[in-house]
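Engineer: What follows is a predicted structure for the sequence shown.
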Amino acid sequence: MGKPDGYKNRIELLQGTLDMLVLQTLRWGSQHGYGIAQAIRSGSGEVLQVETGSLYPALHRMEKQGWIRSEWKSSENKQRAKYYELTAAGTEHLTSEHARWTQMSGAIASLMEPS
């Protein structure tokens with residue numbers, strides 16, 4: 001039995017790519033987990049969806065790496081939420097990962113659409 005139709009156009013993100021997208025999202029300011037997932041979804045034209053089961057372990061891992069830090073605050077609707085923000089080390093890692101991603105995506109495009 002195949003996957004349900006809802007999964008047909010879903011793009012699975014590799015761990016490093018998810019980290020890069022989260023860090024990029026946090027460049028625009030601190031955000032709680034749900035806000036990060038929404039920013040990735042809307043910023044990708046609804047193509048990329050980050051599941052909670054992938055997002056929160058990634059956030060914890062990136063916090064251990066020192067790329068982000070977190071703080072409990074009140075959200076827009078007055079609920080307590082953990083907000084994440086980019087650190088200097090996170091900005092440095094994002095710059096390096098973005099360069100690597102640009103090189104990798106260019107190489108893949110060359111293979112998929114040879115001239």
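Structural biologist: Sure, I can see it. Just so you know, these numbers come straight off a predicted model, no measurement behind them.
Engineer: what bits of this protein have low per-residue confidence?
Structural biologist: Scanning the chain for pLDDT under 70 picks out 1-15.
Engineer: again, only using 50
Structural biologist: The chain contains residues with pLDDT under 50 at 1-8.
Engineer: which residues in it form strands?
Structural biologist: 31-32, 68-74, 80-86 (DSSP state E).
Engineer: Packed most tightly, which of those strands would that be?
Structural biologist: Most buried of the strands of the chain, by mean neighbour count (mean count of other C-beta atoms under 10 Å): strand 31-32, with a mean of 20. C-betas here are computed from N, CA, C, even on glycine.
Engineer: quick one: strands adjacent to it?
Structural biologist: strand 80-86 (antiparallel) (DSSP bridges).
Engineer: burial measure for the nearest residue to Thr25 once chain neighbours are set aside, as a count.
Structural biologist: Leaving aside its sequence neighbours, Thr25 sits nearest to Ala39 (C-beta to C-beta, 6 or more residues apart in numbering; 4.6 Å). For Ala39, the tally of surrounding residues (other C-beta atoms under 10 Å) stands at 18.
Engineer: Which residues are in contact with Ala39?
Structural biologist: Contact partners of Ala39, counting by C-beta atoms under 8 Å, 6 or more residues apart in numbering, are 25, 28, 31.
Engineer: Surely the first one is in contact with Gln31?
Structural biologist: The one in question is Thr25. Yes: in this structure Thr25 lies within contact range of Gln31 using C-beta atoms under 8 Å: 6.5 Å.
Engineer: any idea how far Trp101 is from Thr87?
Structural biologist: Thr87 is 20 Å from Trp101, where distance means C-beta to C-beta, to the nearest Å.
Engineer: ok, those two, which is more surrounded?
Structural biologist: Neighbour totals were compared for Thr87 and Trp101, and Thr87 leads with 17 against 14 (other C-beta under 10 Å).
Engineer: Run a quick check on the more buried one versus Gln65, I expect a contact.
Structural biologist: No: Thr87 is beyond contact range of Gln65, at 9.4 Å (criterion: C-beta under 8 Å).
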